[in-house]
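Peer 1: Sequence first, then the predicted structure:
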Amino acid sequence: MIIAQRLLDRSQIFAKLQLNSLKCRAQNSTIATSTRCASSSIHRYQAIAVRRPASSLATGFNSIQMFSKTPWMMQRMKIFVRSYNQKSWVVRDCKSIDEVLQTASKRIDDSLPVPDAAVWSSISRMITRQQFSQNRSTDIIEHQMTVLLRYTCDSLNELKPRQLSEITLSIAKIVQSIREAHQRRRVNIYHQAFGKVLQESSSNPNQGIFHALAKATDANLPRFNARNLSNTAYAYALLGYDPKINERSLLGSIAEKSIICIDQFEAQHLANTVWSYAKLNVDNPGLFQSVGDAVADKRDLNEFAPQALANIVWAYATNNAHHAGMFQSVGNAVAGKRDLDEFKPQDFANIVWAYASNNTQHPGLFQKVGDTIASSNGSKPFTTQALANIVWAYAKLDVKHPGLYEKIGKSIGALDDMSSFNSQDLANIAWSFAVTDMDVHVAFNDAFTRALVQKENEFNVKHLTQLYQWHVWQVEKSNRGLPEILRVRCERAFKTSRSSSSAPHDNCSSILHETIDDPKENHL
């Protein structure tokens, strides 16, 4: 106790000396802020002296004394105090957003450092899991969020690359959660309060905030590693925002740095990076070439999760980027698996859509996927778009898999209501069955006909042309075709779209192979 008391006395004297030094040097607001931190350091050193063993405290104190004679002693002291106080608050122990915001606000008011990255990460996770209370005022939540955001923006220049990228990604995820809540019409007081601070409108992020983050990112890019680069690109893809720093795209700068250190990228980093550029519609041939080479050069792709494989090929197809070696490697990896139980329906849809859109054949891949879907027990339901895009992909590459079409056809036929299918889904399904001559007549029941009539005014010329092709095929099979009014429209559209062609259309086969409407697969 005597030793601890002596150390406590020395720590008080040391802190007072630093306070006096800072007061003498205070010339601007930055030094003034440091002075405020130093003034509370007496209490922090008291807490350290009480909680820490005398031996460890003596070691730490001697270390600080060692720096006291150097010009950069003050910076070292600030780092020491900030590091200790960040560790003293274990953010992950907080049970709700309320607790995180309240604790963060109190520490900021008391001039105590806040672990920015951990706080924002916790909020993004908790808002998704709905870990909050509905009994709080929107104004209070908005105020606490504003205080936290201001604190983070003021300390951007002090953040390490990992912290900077994690904060950017976490805030982007919060914005995404707000958007999804509005889409699902499940907005609560937290979505409202956070939206006022982080968004300019229901669909646009607060560009002032993200531009400040982007500016700090651009300044620190040379120190970013693969994970930092991938997380940052992914964050701005979620936002749908490519900030410009000095009239230069931040995503362009990230691409240049990524190409240099592409060998350091892990499987998930590669997938997230190209997905981000495709989502933002940012064309960067050099980056896609480097990622494609990295994927193709790997001995096996077992380290890639199913969604990562799907996202990679989806990104290349979406950006109209070609890399034969990469597509071949991914196809071999999927076809070579014992089973595809880990793949989700959306993974199947994204993969086959990507190969079809890229005009890339891989018989083994399509056979494996087709067999898996044909033998599935229905425990993993397919979305309407996934069903439409899968059959479209097989038809586009002229891959005939009776089991696949039988399975999907019966799934469609079992639906009593097809109002969830959009106009493109309906047109692509009809055309795909027709062009592959897969006569699963149960798919085209009364519900299908009603859906066509309901969407009649939403069909464009390509859709109408496809439906006319399907009608001709149905009639040839002695099945029911289009309702008369819709048939007339479809035939007129077909003839108009082909009026410039001198080729005759006097048989079903020539009509069926006239056109293909390329759907734009959405990543989910």
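Peer 2: Nice, thanks for sending it over. Numbers count the residues shown, from 1 in each chain.
Peer 1: Which residue is the nearest non-sequential neighbour of Ser249?
Peer 2: Spatial nearest neighbour of Ser249, excluding adjacent residues (C-beta to C-beta, 6 or more residues apart in numbering): Asp242 at 5.6 Å. Backbone N, C-alpha and C define where each C-beta goes, glycine included.
Peer 1: Surely that neighbour touches Arg248?
Peer 2: No. Contact criterion C-beta atoms under 8 Å: Asp242 and Arg248 do not qualify, at 10.6 Å.
Peer 1: re earlier: give me the number of neighbouring residues for the residue nearest to Ser249.
Peer 2: Around Asp242 sit 19 other residues, with neighbours defined as other C-beta atoms under 10 Å.
Peer 1: Counting by contacts, list what the helix or strand harbouring Trp470 packs against.
Peer 2: Trp470 belongs to helix 461-476 when assigned by DSSP states H and E. Applying 3 or more C-beta pairs under 8 Å, 6 or more residues apart in numbering; DSSP states H and E, one finds that helix 461-476 contacts helix 423-435, helix 484-497, helix 508-512.
Peer 1: Highest mean neighbour count out of these?
Peer 2: Sort these by mean neighbour count, taking mean count of other C-beta atoms under 10 Å, and helix 423-435 sits at the top with a mean of 25.
Peer 1: Looking at stretch 105-121 now, give me its mean pLDDT.
Peer 2: The average pLDDT for stretch 105-121 rounds to 91.
Peer 1: three-state assignment of Gly378?
Peer 2: Secondary structure, DSSP: H, G, I helix; E, B strand; the rest coil: Gly378 is coil.
Peer 1: So which residues of the stretch 251-400 of the chain form helices?
Peer 2: 267-279, 285-296, 306-318, 324-335, 345-357, 363-374, 384-396 (DSSP state H, counting those that start in this stretch).
Peer 1: show me where the chain has strands.
Peer 2: Counting by DSSP state E, one finds strands in the chain at the ranges 244-245, 248-249.
Peer 1: what distance separates the last one from the middle of the whole chain?
Peer 2: What that stands for is strand 248-249. 21 Å (C-alpha atoms, centre = their mean, to the nearest Å).
Peer 1: Pull up the per-residue confidence for the residue lying closest to Met438 once chain neighbours are set aside.
Peer 2: Closest residue in space to Met438, ignoring its immediate chain neighbours: Tyr405 at 3.9 Å, by C-beta to C-beta, 6+ apart. For Tyr405, the model assigns a pLDDT of 96.
Peer 1: Over to Asn507?
Peer 2: For Asn507, the model assigns a pLDDT of 48.
Peer 1: before we move on, what about Tyr234?
Peer 2: 97.
Peer 1: Could you report the neighbour count for it?
Peer 2: Close neighbours of Tyr234, defined as other C-beta under 10 Å, add up to 23.
Peer 1: State the distance from it to Glu476.
Peer 2: As judged by C-beta to C-beta, to the nearest Å, Tyr234 and Glu476 stand 49 Å apart.
Peer 1: cool, and His401?
Peer 2: Distance from His401 to Glu476, by C-beta to C-beta: 22 Å.
Peer 1: Contacts only, for Ile373.
Peer 2: Contact analysis of Ile373 by C-beta atoms under 8 Å, 6 or more residues apart in numbering lists Phe348, Ile390, Leu404, Lys407, Ile408.
Peer 1: check contacts around the closest residue to Val282 other than its chain neighbours.
Peer 2: Excluding the flanking residues, the one nearest Val282 by C-beta to C-beta, 6+ apart is Leu251, at 5.0 Å. Leu251 makes contact with Ala233, Tyr236, Asp242, Ser276, Tyr277, Leu280, Val282, Asn284, according to C-beta under 8 Å, 6+ apart.
Peer 1: Between which two of these is the distance greatest?
Peer 2: Using C-beta to C-beta, the two most remote members of the contacts of Leu251 are Tyr236 and Asn284, lying 13.6 Å apart.
Peer 1: These two: which has the busier surroundings?
Peer 2: Tyr236 (27 against 22).
Peer 1: wait, that one sits on Lys279?
Peer 2: No. Under the criterion of C-beta under 8 Å, Tyr236 makes no contact with Lys279, lying 9.3 Å away.
Peer 1: How about His471: what's its closest non-neighbour residue?
Peer 2: Nearest one to His471, counting by C-beta to C-beta, 6+ apart, is Gly481 at 4.1 Å.
Peer 1: Report the contact partners of the one you found.
Peer 2: Counting by C-beta under 8 Å, 6+ apart, Gly481 has contacts Trp470, His471, Val472, Gln474, Val475, Arg487.
Peer 1: Save those as JSON lines, and put in pLDDT and distance to Asp371 too.
Peer 2: Putting the contacts of Gly481 into JSON lines (pLDDT from 0 to 100; distance: C-beta to C-beta, whole Å) gives the following:
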{"residue": "Trp470", "pLDDT": "96", "distance to Asp371": "26"}
{"residue": "His471", "pLDDT": "95", "distance to Asp371": "31"}
{"residue": "Val472", "pLDDT": "95", "distance to Asp371": "31"}
{"residue": "Gln474", "pLDDT": "94", "distance to Asp371": "28"}
{"residue": "Val475", "pLDDT": "93", "distance to Asp371": "32"}
{"residue": "Arg487", "pLDDT": "95", "distance to Asp371": "37"}
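Peer 1: Would you list the buried entries among those residues?
Peer 2: For the contacts of Gly481, a neighbour count by 16 or more other C-beta atoms under 10 Å gives the buried set as Trp470, His471, Val472, Gln474, Arg487.
Peer 1: what number of residues lie near the residue nearest to Met438?
Peer 2: Neighbourhood size, Tyr405 [other C-beta under 10 Å]: 25.
Peer 1: what's the answer for Arg184, then?
Peer 2: The burial count for Arg184: 8, using other C-beta under 10 Å.
Peer 1: quick one, phi psi at it?
Peer 2: phi -90, psi 0 (degrees, to the nearest 10).
Peer 1: So for it, what's the pLDDT?
Peer 2: 86.
Peer 1: Next: Gln27.
Peer 2: 41.
Peer 1: Met73 now?
Peer 2: Met73 is given a pLDDT of 59.
Peer 1: Likewise for Asp9?
Peer 2: Per-residue confidence at Asp9 stands at 46 (pLDDT).
Peer 1: if we can go back for a sec, in CSV: the helices of the stretch 251-400 of the chain, plus mean pLDDT and distance to Thr217.
Peer 2: Shown next, in CSV, are the helices of the stretch 251-400 of the chain (pLDDT from 0 to 100; distance: least, C-beta to C-beta, whole Å):
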stretch, mean pLDDT, distance to Thr217
helix 267-279, 97, 14
helix 285-296, 97, 17
helix 306-318, 97, 22
helix 324-335, 97, 28
helix 345-357, 97, 29
helix 363-374, 97, 38
helix 384-396, 95, 34
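Peer 1: Between those helices, which one is closest to Arg136.
Peer 2: Comparing these by C-beta to C-beta, helix 267-279 comes nearest, at 34.2 Å.
Peer 1: That closest one vs helix 324-335, what angle?
Peer 2: 120 degrees (axes from the mean of the first three to the mean of the last three C-alpha atoms, to 10 degrees).
Peer 1: Pretty sure the residue nearest to Met438 sits against Val435.
Peer 2: No. Counting by C-beta under 8 Å, Tyr405 stays clear of Val435, with 11.3 Å between them.
Peer 1: any low-confidence regions in the chain?
Peer 2: 1-88, 131-135, 499-524 (pLDDT under 70).
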